[in-house]
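Peer 1: Structure for this input, please:
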Amino acid sequence: MGKKEQVNVFMLLLFLSLCSASDQNWRKTMMSAHKTSSMVMNRVVSSILFPIHGNVYPIGYYNVTINIGQPPKPYFLDLDTGSDLTWLQCDAPCARCVEAPHPLYRPSNDLVPCKDPLCAALHPPGDYKCESPEQCDYEVEYADGGSSLGVLVRDVFSLNYTNGMRLTPRLALGCGYDQVPGASYHPLDGILGLGRGKSSILSQLQSQGSVRNIVGHCLSGRGGGFLFFGDGLYDFSRVTWTSMSQEFPKYYSPGIAELHFSGKATGIKNLIVVFDSGSSYTYLNSQAYQTLIALLKKELSGRSLKEVPEDQTLPLCWKGRKPFKNIRDVKKYFKTIALTFASSGRTKTLFELHPEAYLIISNKGNVCLGILNGTQVGLQNLNVVGDISMQDTMVIYDNEKQVIGWTPANCDQLPRSTSVNYM
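Peer 2: Coordinates of the predicted model:
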């Protein structure tokens, strides 16, 4: 460094030292003002809203569009309340990626270090060694056999509050450079993990004071719907609530349920139930599934519906005298199914599945059962309430109060504050 540069550096340091005292007072004032305005903002601005696209059938999934990076680029993400990590297929470079609607995500240089608490949250306690301290390696596996392997990075998410204000937080996400598609593979850019863990986007936003740790979705039976973070889009008093189970902290689980059919107990109890927006269909364990099939077949005995094994849309389909156009054509043949959960004391909370919540009409004009055998696909005794059974219902996961709620709703229109059209 030459003498001229030394003098310039000295003058700069002298200037900074003279400004230091007043600058510190100014910073304290600004930080206090920012903190106050942030607190006021969060009391007023309570929700972030995303339109949802897709359907249960024939597309087979619902997704949202999120803009990530600088400059922001759109990515289609599968909304998944059954997992925590949000990840994108990533050009790191990519060792194994599948077809996606957008170019691969180009990661930022902001690596999440191995010792970061978010990294620890992705691994079982005591089961992770920092082989590369400067980065956080991850691997997530899904029930359908799919997986993603990659590293954790931070990047800017471009989000909007419901009052129009913009939010551009830096959040951690997975840069997935090795993907194995599962049995229910969806041709999307990645996964939006909405689970209960610290690494979820929602938990990160809550830790930054941007939104309350509440997520909800409203999936339309006609396709589309909306997803939201925060508590400004529903009337708490109009929602049926039940406690989240503490026995199954990895999942959004209302706990243990009993299966009812046509208003009567089936004798099937102690069902471990989870709500999972990443699953298109609903799954029961083998015993519950076989019991339900027997009840359905008994109910349909002597009716005009006949089984059609040649329709491979789903494992069990029926045809009528002529092709069906919609569920209304067959609703009269099918009964309401329900799951009852033990709430506080002796109170039972009911989650009902009307025919629209467990049937589809195939492209052959047959009616098919959208409840499947979970044991056959590796879920063991886990029973999953999937998208089909949450259609036209607002489902809310309140991680602060540790409750899950649901209420019939019109999911076809995006709401404004608490203006949701309840059914």
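
Peer 1: C-alpha only now, for contacts and for neighbours.
Peer 2: Fine.

Peer 1: Tell me where the stretch 201-350 of the chain has strands.
Peer 2: 214-219, 225-230, 240-243, 252-261, 264-265, 271-275, 282-284, 306-307, 317-319, 337-342, 348-353 (DSSP state E, counting those that start in this stretch).

Peer 1: Could you quantify the relative orientation of the fourth one and strand 348-353 as an angle?
Peer 2: Which is strand 252-261. With axes from the mean of the first three to the mean of the last three Cα atoms, to 10 degrees defining the directions, strand 252-261 sits at 80 degrees from strand 348-353.

Peer 1: Output strand 252-261 as CSV, restricted to C-alpha atoms.
Peer 2: Output of strand 252-261 as CSV, limited to C-alpha atoms (Å, rounded to 0.1, in the frame of the first residue of the first chain):
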residue,chain,number,x,y,z
TYR,A,252,-49.8,-32.4,11.8
SER,A,253,-51.7,-35.1,13.7
PRO,A,254,-55.0,-34.7,15.6
GLY,A,255,-54.0,-37.9,17.4
ILE,A,256,-56.0,-41.1,17.7
ALA,A,257,-59.3,-41.6,15.8
GLU,A,258,-62.2,-44.0,15.5
LEU,A,259,-63.7,-44.8,12.1
HIS,A,260,-67.5,-44.3,11.5
PHE,A,261,-69.6,-45.2,8.5
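
Peer 1: Parallel or antiparallel, list what pairs with that strand.
Peer 2: Its sheet considered, strand 252-261 pairs with strand 264-265 (antiparallel), strand 271-275 (antiparallel), strand 337-342 (antiparallel) by DSSP bridges.

Peer 1: which residues touch the first one?
Peer 2: Read that as strand 264-265. 258-259 (Cα atoms under 8 Å, 6 or more residues apart in numbering).

Peer 1: Tell me how far residue 105 lies from residue 313.
Peer 2: Applying Cα to Cα, to the nearest Å, the value for residue 105 to residue 313 is 34 Å.

Peer 1: Check residue 106 too.
Peer 2: 37 Å.

Peer 1: What of residue 131?
Peer 2: 46 Å.

Peer 1: Among these two, which residue is more densely surrounded?
Peer 2: residue 313 (20 against 10; other Cα atoms under 10 Å).

Peer 1: wait, what's in contact with the more buried one?
Peer 2: Neighbours of residue 313 in contact, by Cα under 8 Å, 6+ apart: 362, 368.

Peer 1: if we go to 7 Å?
Peer 2: Residues near residue 313 by Cα atoms under 7 Å, 6 or more residues apart in numbering: residue 362.

Peer 1: for the one 3 residues further on, same thing?
Peer 2: Neighbour list for residue 316: 368-369 [criterion: Cα under 7 Å, 6+ apart].

Peer 1: Distance to residue 120 and mean pLDDT added to the strands paired with strand 252-261, as a markdown table?
Peer 2: As requested, those are exported to a markdown table (distance: least, Cα to Cα, whole Å; pLDDT from 0 to 100):
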| stretch | distance to residue 120 | mean pLDDT |
| --- | --- | --- |
| strand 264-265 | 44 | 96 |
| strand 271-275 | 24 | 97 |
| strand 337-342 | 33 | 94 |
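
Peer 1: So which of those strands is the most surrounded?
Peer 2: strand 271-275 (a mean of 23; mean count of other Cα atoms under 10 Å).

Peer 1: in the sheet, who's paired with the residue lying closest to residue 238 once chain neighbours are set aside?
Peer 2: In this structure, residue 238 finds its nearest non-sequential neighbour in residue 407, 7.0 Å apart by Cα to Cα, 6 or more residues apart in numbering. Residue 407 has these beta-bridge partners by DSSP bridges: residue 394.

Peer 1: hang on, isn't residue 407 packed against residue 390?
Peer 2: No: Residue 407 lies out of contact with residue 390 (Cα atoms under 7 Å); the separation is 9.8 Å.
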